[in-house]
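Trainee: What follows is a predicted protein model with its sequence.
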Amino acid sequence: MKKYIILTSLVSFLFLGSCNKFLDVLPRTQIPADKLFDSEQGFKDALAGVYISAKSNTTYGKALTFGTIESLISSWDITTNSLEQQLGLFNYSDNRVIDQFNAIFAKQYATIAAINAILQNLESNKSIFKTEGVYQVIKAECLGLRAYIHFDLMRLYGPIPTEPEIGNQLAYVTEFNREIHQHISYEEYKSKIFTDLKQAEELIKEFDPMLSYSMNDVRNPNGFASNYKPLDDFMSYRNMRMNYYAMKALESRASLWYRDKDNAYKAAKEVIDAKDADGEVKFKLATGKDFTTTNYILTSEQIFGLYAFDLATTYTDNFGNATYRKGTSATTITNQLYGNTGTDFRESSLWNIVTLTNGSRYNVIKKFWVTADNVTVLTDYKQLPMIRTSELYLILAETAPFTEGLEYLKTFRANRNISGLSIPADLPTLQSEIIKEYRKEFYGEGQAYYAYKRLNIPKPQILFAPSNAVVNYLLPMPTVESIN
């Protein structure tokens, strides 16, 4: 059985400086390592450090959002013999590609190690928790995040779900130590994901404000028009934490991957059907209003997102200069991607033609465009999407009985202003339309690749795949054997 070592001598990303002496959790905050887990605040700060780690460019800050994973499905223009070209050709033997997937793998397991450090110390220092619910919420978020990251490791490095016996086995790491962690079977790994999720859901359900307050309340705690007045800032902005509904949404996403359509449907339905105290739907699909108010990242749909204070810089450095671009003609986007509907909000609002100083013109997505400063909390759109309402509608369209599934697709389309498209007449056509929507809806977010892999989609159905690409969803096991 394959094995690898996770070195966790107080994980390097957590403990900074040449002597590993300090934890840099938030700007202007330094905490001696031996005091970190001696107080509730220390645990809160350590958990904040995990979220910061998740925003690394090596993972959800870039590589697993609009970078590496989108290059696998040729979302961006490339130059000859570049890393991006080799990714689009599925050339896993290229040294640059190897390095890229090594870095992602190592960072994800480093973040998991940090989570496990918190979980281990939670139990040994449980007596220090005096505030009701803090212990339960911290533990639940850690378990939920551990499941989230492990699941993405499986989606990226593991087998195609239709052929689980072919491909890599991975380690599901639940301890913070120097031990060798064995690679376990596909089924055992799956079981551990859902065990973490179920425990997290039960722990947090009683204490999560997301169940009692609206998204606007949670996104604007202590605001003049907000009904939510938390006494502890730790319980603020739950939409940017691994909250209860994020756990249920992840449960739905993971259930679909593991071909349990009944549970995928049930979990997604719980989120979609959630209501606020006034009877309003808690998680709505975005409409044209979101696009016209420049909320291109659709924070209103983000059941879970990561706050990215530097998103304006990220846009400038990656899209404003057309480093990430697609085609020189508008028809590449309007016709090939969106089908030239003339009505789709994404088609009309989500892309720009950018002219560079040398006169070159390119299509550039505006999804990550934000102003550096925003007027109010509710118009602060600097947020990276981790899981959105729209995905749950597509999951429901795929997992519900055919007639009901059509209604979910119709609702999704209506909110994107494409109600006029023909209605699928059978299940294969419905599935084909859903896959098209994954490509359109999650462009630059990484989710289309996973949908292609889940269904083992052939090259002719992968929009923009190069003619000389040989599609291969089975990544080799990363060559890194330890995290230092």
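Mentor: On my side now, so go ahead.
Trainee: Which strand or helix spans the closest residue to residue 251 other than its chain neighbours?
Mentor: On the basis of CB to CB, 6 or more residues apart in numbering, the spatially nearest residue to residue 251 that is not a chain neighbour turns out to be residue 267, at 4.3 Å. Any C-beta I mention is one placed from the backbone N, CA and C, and that applies to glycine too. Mapping residue 267 onto the secondary structure by DSSP states H and E places it in helix 261-272.
Trainee: And the closest residue to residue 293 other than its chain neighbours, how far from residue 111?
Mentor: Spatially, and ignoring its direct neighbours in sequence, residue 293 is nearest to residue 379 (7.4 Å; CB to CB, 6+ apart). For residue 379, the distance to residue 111 under the criterion CB to CB, to the nearest Å works out to 30 Å.
Trainee: The two: which has the busier surroundings?
Mentor: Here residue 379 and residue 111 are set side by side on neighbour count (other CB atoms under 10 Å), and the busier one is residue 111, at 26 against 13.
Trainee: For the closest residue to that one other than its chain neighbours, what are phi and psi?
Mentor: Excluding its sequence neighbours, the residue lying closest to residue 111 (CB to CB, 6+ apart) is residue 53, at 4.5 Å. Here the main-chain torsion angles of residue 53 (degrees, to the nearest 10) amount to phi -60, psi -40.
Trainee: Now do the same for residue 53: its pLDDT.
Mentor: The pLDDT attached to residue 53 in the predicted structure is 96.
Trainee: Isn't it up against residue 114?
Mentor: Yes: using CB atoms under 8 Å, residue 53 is in contact with residue 114, at 6.2 Å.
Trainee: to the chain's geometric centre, what's the distance from the longest helix along the chain?
Mentor: When every helix of the chain is counted residue by residue (DSSP state H), the longest turns out to be helix 95-124. For helix 95-124, the distance between its averaged C-alpha position and the chain's averaged C-alpha position is 16 Å (CA atoms, centre = their mean, to the nearest Å).
Trainee: so where's the stretch 351-484 of the chain shaky on pLDDT?
Mentor: For the stretch 351-484 of the chain, residues meeting the criterion pLDDT under 70 lie at 374-375, 481-484.
Trainee: just the strands in it please.
Mentor: With DSSP state E, counting those that start in this stretch, the ranges of strands along the stretch 351-484 of the chain come out as 351-355, 361-365, 383-388.
Trainee: in its sheet, what does the longest one sit against?
Mentor: It refers to strand 383-388. Within its sheet, and counting by DSSP bridges, strand 383-388 is paired with strand 302-307 (antiparallel).
Trainee: The strand it pairs with: which residues count as buried?
Mentor: In terms of neighbour count (16 or more other CB atoms under 10 Å), strand 302-307 has its buried residues at 302-307.
Trainee: Same check on stretch 399-407?
Mentor: Taking 16+ other CB under 10 Å as the basis for neighbour counts, the residues of stretch 399-407 that come out buried are 399-400, 405-406.
Trainee: what's in contact with it?
Mentor: For stretch 399-407, the surrounding residues in contact (CB atoms under 8 Å, 6 or more residues apart in numbering) are 256, 261-262, 264-265, 268, 396-398, 408, 423-424, 426-427, 430.
Trainee: about what we covered before: out of the strands of the stretch 351-484 of the chain, which comes closest to residue 336?
Mentor: With CB to CB as the measure, strand 361-365 is the member of these nearest residue 336 (10.6 Å).
Trainee: List the buried residues in the closest one.
Mentor: Under the neighbour-count rule (16+ other CB under 10 Å), strand 361-365 has 362-365 buried.
Trainee: looking at the strands of the stretch 351-484 of the chain, which is closest to residue 332?
Mentor: For the strands of the stretch 351-484 of the chain, proximity to residue 332 was assessed by CB to CB; strand 361-365 is nearest, at 6.0 Å.
Trainee: Measure how far the closest one is from the centre of its chain, please.
Mentor: Here the centre of mass of C-alpha atoms in strand 361-365, compared against the chain's by CA atoms, centre = their mean, lies 24 Å away.
Trainee: now for that strand, which elements pack on it?
Mentor: For strand 361-365, the elements it packs on are strand 351-355, judged by 3 or more CB pairs under 8 Å, 6 or more residues apart in numbering; DSSP states H and E.
Trainee: Figure out how far the strand it packs on is from the centre of its chain.
Mentor: Average the C-alpha atoms of strand 351-355, do the same for its chain, and the two points are 26 Å apart (CA atoms, centre = their mean).
Trainee: strands paired with that strand, and their directions?
Mentor: Based on DSSP bridges, the strands next to strand 351-355 in the sheet, each with its direction, are strand 361-365 (antiparallel).
Trainee: Extract the C-alpha set from the partner strand and format it as CSV.
Mentor: Listed in CSV are the C-alpha atoms of strand 361-365, where the atom choice follows Å, rounded to 0.1, in the frame of the first residue of the first chain:
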residue,chain,number,x,y,z
ARG,A,361,-7.5,43.3,-28.1
TYR,A,362,-8.7,40.3,-25.9
ASN,A,363,-11.9,39.0,-24.2
VAL,A,364,-11.4,39.3,-20.4
ILE,A,365,-13.8,38.0,-17.8
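Trainee: In contact with the residue most central in space within the chain, which residues?
Mentor: Nearest to the geometric centre of the chain sits residue 386, at 2.8 Å (CA atoms, centre = their mean). For residue 386, the set of contacting residues under the criterion of CB under 8 Å, 6+ apart consists of 60, 148, 246, 302-306.
Trainee: Distance check, it against residue 304.
Mentor: With distances taken as CB to CB, residue 386 is found 4 Å from residue 304.
Trainee: Need the distance between the two termini of stretch 224-233.
Mentor: Distance across stretch 224-233, first residue to last, is 16 Å (CA to CA, to the nearest Å).
Trainee: And the contacts of it?
Mentor: Stretch 224-233 is contacted by residues 131, 134, 209, 213-214, 216-218, 220-222, 236 when judged by CB under 8 Å, 6+ apart.
Trainee: cutoff 6 Å now
Mentor: By CB atoms under 6 Å, 6 or more residues apart in numbering, the list of residues contacting stretch 224-233 from outside reads 209, 213, 217, 220-222, 236.
Trainee: Only the buried residues of it, if you could.
Mentor: 226-228, 230.
Trainee: sorry, back to before: show me the two of the buried residues of strand 302-307 that sit farthest apart.
Mentor: 303 and 307, at 14.5 Å, using CB to CB across those.
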